[in-house]
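Chemist: Got a sequence here, can you build the structure:
(chains A and B)
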Amino acid sequence: NAGVMQNPRHLVRRRGQEARLRCSPMKGHSHVYWYRQLPEEGLKFMVYLQKENIIDESGMPKERFSAEFPKEGPSILRIQQVVRGDSAAYFCASSPPQVRPQHFGDGTRLSIL
Amino acid sequence: SQQGEEDPQALSIQEGENATMNCSYKTSINNLQWYRQNSGRGLVHLILIRSNEREKHSGRLRVTLDTSKKSSSLLITASRAADTASYFCATQGGSNFGNEKLTFGTGTRLTIIP
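Modeler: A predicted model of the protein is given here:
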């Protein structure tokens, strides 16, 4: 029973490029969450999605960031025109309907040159 | 400001000793959870305590919750080298539904000295 799978594990981009982070939830999980962690800090919520729906995006920056969780395939967190401040570890978590807690992937470490 | 703040920020103890970490939060919650994060890895869920519970045990872990003080503690007994990690509290708030965002504390970095 595979856990939450994130890829890539490490991603390097130059300023102005686009970054795409993928998350495949655990089997049977229809809820996906994205969190961002800066060095030496706790995780900050970004967005909560169900299949084809964004439920809560209160933690998403207003510009350049978007997320989707299509009917088929992984959830995607997309960052356009990346800047140095986007460098962080991005974690995805998933859960079944109405069940706590959340199961986390190992994250994508994004580095901006 | 942080919803959850933990102290101490860092803790070093000898193997076999007990480790206690504290967490405070600001708003009303449905439950509070503790997670462990090993370096370079994702978070692993340890234990969940609901707002109407005061204490919970799981193996060598003991969690308390004081909603009047908006605080929680995590006790790890008989520590082992493998317990070296960062520990985070996270609150899930308000509704009766299970699926809500987690609000994390700043974490305690625990080092167990063999």
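Chemist: near chain B, which residues of chain A show up?
Modeler: In this structure, chain A approaches chain B at residues A:4, A:31, A:33, A:35, A:41-45, A:48, A:55-56, A:58-59, A:91, A:93, A:95, A:97-107, judged by CB under 8 Å from any CB of the partner chain. In this view, the C-beta of every residue, glycine as well, is placed from N, C-alpha and C.
Chemist: The most centrally placed residue in chain A pairs with what?
Modeler: For chain A, the residue nearest the mean C-alpha position is A:Trp34 (3.8 Å; CA atoms, centre = their mean). Here A:Trp34 shows beta-bridge partners A:Val47, A:Cys92, assigned using DSSP bridges.
Chemist: who touches it in this structure?
Modeler: A:Cys23, A:Phe45, A:Met46, A:Val47, A:Ala67, A:Ser75, A:Leu77, A:Tyr90, A:Phe91, A:Cys92 (CB atoms under 8 Å, 6 or more residues apart in numbering or on different chains).
Chemist: which one of these has the most neighbours?
Modeler: A:Cys92 (29 neighbours; other CB atoms under 10 Å in any protein chain shown).
Chemist: Residue ranges in the chain under the pLDDT threshold?
Modeler: Because you didn't say which chain, this covers chain A. A:1, A:98-99 (pLDDT under 70).
Chemist: Sorry, I should have been clearer: chain B.
Modeler: Short version for chain B, where the test is pLDDT under 70: B:1-4, B:94-99.
Chemist: which parts of it sit against chain A?
Modeler: So far as CB under 8 Å from any CB goes, chain B lies against chain A at B:2, B:4, B:31, B:33, B:35, B:40-45, B:48, B:88, B:90, B:92, B:97-107.
Chemist: Which among these count as buried?
Modeler: Among the residues of chain B next to chain A, those classed as buried by 16 or more other CB atoms under 10 Å in any protein chain shown are B:4, B:31, B:33, B:35, B:42-43, B:45, B:48, B:88, B:90, B:92, B:98-107.
Chemist: on that earlier part again, just the buried ones among the residues of chain A next to chain B, please.
Modeler: Looks like these have A:4, A:31, A:33, A:35, A:42-45, A:48, A:59, A:91, A:93, A:95, A:100-107 buried, using 16+ other CB under 10 Å.
Chemist: Could you list which of the residues you listed belong to strands?
Modeler: Under the assignment DSSP state E, those contribute A:His31, A:Tyr33, A:Tyr35, A:Leu43, A:Lys44, A:Phe45, A:Tyr48, A:Phe91, A:Ala93, A:Ser95, A:His103, A:Phe104 to strands.
Chemist: Now the second one: closest residue in space that isn't a chain neighbour?
Modeler: Right, the one you point to is A:Tyr33. Counting by CB to CB, 6 or more residues apart in numbering or on different chains, A:Ala93 is the residue found nearest to A:Tyr33 once chain neighbours are left out, at 4.5 Å.
Chemist: B:Gln60 and B:Ala78 touch, don't they?
Modeler: No Gln there; residue B:60 is Arg. Yes - counting by CB atoms under 8 Å, B:Arg60 touches B:Ala78, with 5.9 Å between them.
Chemist: neighbour count winner among those two?
Modeler: Comparing B:Arg60 with B:Ala78 by other CB under 10 Å, the one with more neighbours is B:Arg60, at 14 against 11.
Chemist: where's the more buried one relative to chain A, distance?
Modeler: 19 Å (CB to the nearest CB, to the nearest Å).
Chemist: nearest spatial neighbour of that residue, skipping sequence neighbours?
Modeler: Nearest non-adjacent residue to B:Arg60 (CB to CB, 6+ apart): B:Thr77, at 4.8 Å.
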